[in-house]
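K.L.:
based on what follows, work out the 3D shape:
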Amino acid sequence: MNINRASIVALFVAASYISTAFASESVVVAAAEAEIVVTPRSANLKLIELPALDFDLRATISCSGTAESLTLSIADTYTTLGQDAIADEPSAEVRLTVPAPQISLAASRGFCLRDDLASTDELLVPGLATAHASLRCRNEDSVTVHFASAPLQVRLRCSRPSTEDQDPSPDR
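P.N.:
Numbers count the residues shown, from 1 in each chain. Coordinates of the predicted model:
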């Protein structure tokens, strides 16, 4: 199991036990850190435009009656799982691909600069977006809706061309 998968499982388990200990109906959402590779940019560009991002989300659900639906969303991207998909399940996992226009730009002065090999080649951006979950539960007396959210992290890695792949200078 890789480190990203292990960390989401640990966060998920901890949040699930804490939340369900206090309520018979609840939802908890957790997300794995997304990782993308970017190319070096000019030093005069302070913002990093991000591509579409894939986020793996997991939600634990608990209803005292019947779980009718679970909606997971990031920005304007969402998916709703109906009763058939979540019936008798303690959790659900989905992957949401969030299009680039829905993601804010990341600001960094010293990350992945084209002409500065001393610039940082890895950057963790915590709280770049937020995952939301809503769970609709029904029992014989009422319908209730429960909400949860979790900040998302994105790890940016700089992809520099290898110096070994470059042609030797004609001056050599």
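K.L.:
and the residue positioned nearest the centre of the chain, what pLDDT?
P.N.:
In the chain, the residue lying closest to the centroid (C-alpha atoms, centre = their mean) is Phe55, at 3.9 Å. Predicted confidence (pLDDT) for Phe55: 96.
K.L.:
cool, Arg160 as well?
P.N.:
Arg160 carries a pLDDT value of 83.
K.L.:
run through this structure and note the low-pLDDT ranges.
P.N.:
Within the chain, the stretches with pLDDT under 70 are 1-24, 162-172.
K.L.:
if we use 90, what do you get?
P.N.:
1-25, 38-51, 64-65, 87-88, 103-121, 125-128, 139, 141, 158-172 (pLDDT under 90).
K.L.:
show me the helices in the chain, by range?
P.N.:
Secondary structure of the chain (DSSP state H): helices at 3-22, 83-86.
K.L.:
so for the shortest one, what gets flagged as buried?
P.N.:
By neighbour count on 16 or more other C-beta atoms under 10 Å, the buried set for helix 83-86 is Ile86. From N, CA and C alone the C-beta is placed, and that goes for glycine too.
K.L.:
how far is that helix from where the chain is centred?
P.N.:
The chain centroid and the centroid of helix 83-86 are separated by 23 Å, computed with C-alpha atoms, centre = their mean, to the nearest Å.
K.L.:
and His132, what does it touch?
P.N.:
Contacts of His132 were listed using C-beta atoms under 8 Å, 6 or more residues apart in numbering, and they are Val29, Thr71, Leu72, Ser73, Ile74, Phe147, Ala148, Ser149.
K.L.:
which one of those sits closest to Ala92?
P.N.:
The shortest approach to Ala92 among the contacts of His132 belongs to Leu72, at 7.8 Å (C-beta to C-beta).
K.L.:
that closest one contacts Thr130, doesn't it?
P.N.:
No: in this structure, Leu72 is not within contact of Thr130 by C-beta atoms under 8 Å, at 11.6 Å.
K.L.:
more crowded one of these two?
P.N.:
More crowded of Leu72 and Thr130, by other C-beta atoms under 10 Å: Leu72, with 27 against 14.
K.L.:
any idea how far Ala100 lies from Arg136?
P.N.:
Separation of Ala100 from Arg136 (C-beta to C-beta, to the nearest Å): 31 Å.
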